[in-house]
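>>> can't give you the sequence, but here's the structure:
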């Protein structure tokens, strides 16, 4: 497919007349508002890297991008979106189509997404939209933003370890049956393997007794090993090892099986057990042969899922923002009218808009994404001055580094001291000690000084380990309130001076009422997460693979931004919370 960049056609006269007749009051639907307010939002040139200059011309990638955004806004399948292009007057208006235009086949959308992913253009639509909104003054740098994450369930079936082993073999055999149908019967017993792997492997078809399940697990391991050795044999085609399904089978075998030699010299393959043989960490362990990026994770005691995690960042404006100066605003509007440019809206009138989307596998902790989110915002020129986060995102180092490197103040509670004394609320926790960084010495509550000061690096972080002498701690009458260490002495681990000071100050500040009132602004991002889940079904992955799931989230974010702008253009602010019919009736009677 090639691309011939060209401007979008204007909506035909009959389409325009139909739209104006159906919506005489001016409150037009979302697709019409997008075309009226933003014009040709996504140009073909923005996607030029994903399309060749030669070959059969295809549908405009800019218009396909808008179709995909509208698809997310209405939570449609590819087939439903293609039908909407053919049938909906509002979509034809936005795309500049005639009434008789047949549109395109639904498979075009799948190919379009694949091209975006293959050429690293997943975030181009969000970049283009934010750049346009920046020109209109709807998004600016150095304001306030907030971020939160939610879990995303993958588009593949949840498998236990036994199902995973069998299904991985089945996927590899299916791939080999298509790639080398003449070679496969020479290395396996087709009749026997067809019974085990002809249908999908699930617990409904597996034996119920533990002994038979153990025997079946060993059979799966032997089959996987035999198939991999056949693929790697000298007389096998060299390229078979490069098939993705074969590589997945190899990784599943290594992660879940243990090969050893018994006392008689025979090779024995058994399934790995976590207690005896050990298993790979969750961030590396494959959970499905059909999506190698998805991972199992848990949060708290009642939430576990197989999939991904998405982080959404949005602008946020303080509700009590002072009203702009009327004369100044009128002067700006007159100047803009003379220059044929839109007036910049007042800060308290601007809707909250999503500025960044980050997608990871489910095992990545929030704290690992804080700096990455800042760098993505920096690339877009939209770094905030204040960033509101929950306690999962910050660390003492990040609070300091965000301020010095990005000029961002993190408005977030730091986790409290996790020492046994702090958790118990009794004894001497770290805050009870006086740290003198100039003299490199600590003083305990009893007035004794430390004997050693060792700067070290723990888990990639610079820390200082402070130790007190045994001769002081051993006979100390309050040693039980200070430490229960077998070494009979107290040790402290603190951050370097600047980070330690920032941590102490932040923990003291977050207990004050004014800080908590300021931090309440963060709660609004929960509404954004809820809107993303209910409108765009963000919590369920449409596609397989991390990059395609991220593409889904980016287009969903653009759709949410346009939905909010649609309400803004119609002077219909979005409700902060849903008001029940009974509450509305009470308000009406009170009025």
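Cool, got the structure. Computed from a predicted model, the values in this text were never measured in an experiment.
>>> Please enumerate the helices of the stretch 401-550 of the chain.
With helices called from DSSP state H, counting those that start in this stretch, the stretch 401-550 of the chain shows them at 420-424, 470-473, 479-482, 497-509, 513-519, 524-536, 546-569.
>>> Just name the most buried of the ones you listed.
helix 546-569 (a mean of 23; mean count of other CB atoms under 10 Å). Placement of C-beta: from N, CA and C, glycine included.
>>> For that one, give the mean pLDDT please.
For helix 546-569, mean pLDDT is 96.
>>> I'd like to know which elements it is packed against.
For helix 546-569, the packing partners by 3 or more CB pairs under 8 Å, 6 or more residues apart in numbering; DSSP states H and E come out as helix 30-38, helix 61-73, helix 107-118, helix 124-135, strand 303-315, strand 354-361, helix 524-536.
>>> out of the ones you listed, nearest to residue 155?
Among the helices and strands packed on helix 546-569, the nearest to residue 155 by CB to CB is strand 303-315 (8.4 Å).
>>> Any buried residues in the closest one, and which?
Buried residues in strand 303-315, counted by 16 or more other CB atoms under 10 Å: 305, 306, 307, 308, 309, 310, 311, 312, 313, 314, 315.
>>> Taking those residues together, which two end up most distant?
Those two in the buried residues of strand 303-315 that are separated most widely, counting by CB to CB, are 306 and 315, at 32.5 Å.
>>> Could you list the low-pLDDT ranges of this protein?
1-4, 52-57, 318-348, 418, 422, 573-578, 591 (pLDDT under 70).
>>> For the chain, which segments count as strands?
144-153, 257-261, 267-271, 295-299, 303-315, 354-361, 386-388, 409-411, 434-436, 441-443, 452-458, 461-467, 491-494 (DSSP state E).
>>> Now tabulate the ones you listed in a markdown table and tack on distance to residue 282.
Below are the strands of the chain laid out as a markdown table (distance: least, CB to CB, whole Å):
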| stretch | distance to residue 282 |
| --- | --- |
| strand 144-153 | 14 |
| strand 257-261 | 18 |
| strand 267-271 | 18 |
| strand 295-299 | 6 |
| strand 303-315 | 10 |
| strand 354-361 | 9 |
| strand 386-388 | 28 |
| strand 409-411 | 28 |
| strand 434-436 | 36 |
| strand 441-443 | 37 |
| strand 452-458 | 22 |
| strand 461-467 | 22 |
| strand 491-494 | 26 |
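>>> Go through the helices and strands packed on helix 546-569 and name the closest to residue 400.
If we rank the helices and strands packed on helix 546-569 by CB to CB, the stretch that ends up nearest is strand 303-315, at 20.7 Å.
>>> got the angle between that closest one and strand 144-153?
150 degrees (axes from the mean of the first three to the mean of the last three CA atoms, to 10 degrees).
>>> Show me what strand 303-315 is packed up against.
On a contact count with 3+ CB pairs under 8 Å, 6+ apart, strand 303-315 meets strand 144-153, strand 295-299, strand 354-361, helix 370-380, helix 524-536, helix 546-569.
>>> relative to strand 144-153, how tilted is the fifth one?
What it means is helix 524-536. Inter-element angle recorded for helix 524-536 and strand 144-153: 40 degrees (by the same axes, to 10 degrees).
>>> ok, now the fourth one?
An angle of 120 degrees separates the directions of helix 370-380 and strand 144-153 when computed by the same axes, to 10 degrees.
>>> mind listing what's buried in helix 370-380?
Here helix 370-380 shows 370, 371, 373, 374, 376, 377, 380 as buried, counting by 16+ other CB under 10 Å.
>>> Closest one of those to residue 7?
Nearest to residue 7 among those, with distances taken as CB to CB, is residue 380, at 25.7 Å.
>>> returning to that earlier point: the helices of the stretch 401-550 of the chain: which one's closest to residue 98?
Across those, closest to residue 98 is helix 546-569 (CB to CB), at 24.0 Å.
>>> What values do phi and psi take at the nearest residue to residue 155 once chain neighbours are set aside?
In space, and not counting its chain neighbours, residue 155 is closest to residue 541: 4.5 Å by CB to CB, 6 or more residues apart in numbering. The phi/psi pair for residue 541 (degrees, to the nearest 10) reads phi -70, psi 130.
>>> isn't residue 541 right next to residue 308, touching?
Yes. Between residue 541 and residue 308 there is a contact at 6.4 Å, judged by CB atoms under 8 Å.
>>> Take the helices and strands packed on helix 546-569 and write them to CSV, including distance to residue 279.
CSV is the format used below for the helices and strands packed on helix 546-569 (distance: least, CB to CB, whole Å):
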stretch, distance to residue 279
helix 30-38, 48
helix 61-73, 37
helix 107-118, 31
helix 124-135, 38
strand 303-315, 16
strand 354-361, 17
helix 524-536, 32
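>>> Go through those and name the closest to residue 392.
The nearest among the helices and strands packed on helix 546-569, by CB to CB, is strand 303-315 at 10.4 Å.
>>> The closest residue to residue 113 other than its chain neighbours and residue 137, how far apart?
Excluding the flanking residues, the one nearest residue 113 by CB to CB, 6+ apart is residue 551, at 6.0 Å. With distances taken as CB to CB, to the nearest Å, residue 551 is found 28 Å from residue 137.
>>> same question, residue 80
Taking CB to CB as the measure, residue 80 falls 35 Å from residue 137.
>>> Kindly report the same for residue 507.
According to CB to CB, residue 507 stands 38 Å off from residue 137.
>>> got the domain boundaries for the protein?
1-121, 124-156+297-316+352-414+510-591, 161-271, 420-508 (automatic domain parsing).
>>> Can I get those domains in CSV including distance to residue 287?
Formatted as CSV, the domains of the chain follow (distance: least, CB to CB, whole Å):
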stretch, distance to residue 287
domain 1-121, 21
domain 124-156+297-316+352-414+510-591, 5
domain 161-271, 7
domain 420-508, 26
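>>> who's in contact with the nearest residue in space to residue 94 that is not next to it in sequence?
The shortest distance from residue 94 to any non-neighbouring residue, by CB to CB, 6+ apart, is to residue 31 (3.7 Å). By CB atoms under 8 Å, 6 or more residues apart in numbering, residue 31 lies in contact with 70, 88, 90, 91, 93, 94.
>>> Spit out the contact partners of the residue nearest to residue 155.
Applying CB under 8 Å, 6+ apart, the residues near residue 541 are 152, 153, 154, 155, 294, 307, 308, 549, 552.
>>> pretty sure the first one contacts residue 307?
Yes. Look at residue 152 against residue 307 with CB under 8 Å: they come within range, at 4.9 Å.
>>> anything in contact with each of those two?
Listed as contacting both residue 152 and residue 307 by CB under 8 Å, 6+ apart are 362, 541.
>>> Quick one: closest of the helices and strands packed on helix 546-569 to residue 185.
Proximity to residue 185, assessed across the helices and strands packed on helix 546-569 by CB to CB, is greatest for helix 107-118 (33.0 Å).
>>> The residue lying farthest from the centre of the chain and residue 483, how far apart?
Centroid-distance maximum for the chain: residue 475 at 53.2 Å, with CA atoms, centre = their mean. The gap separating residue 475 from residue 483 is 13 Å, by CB to CB.
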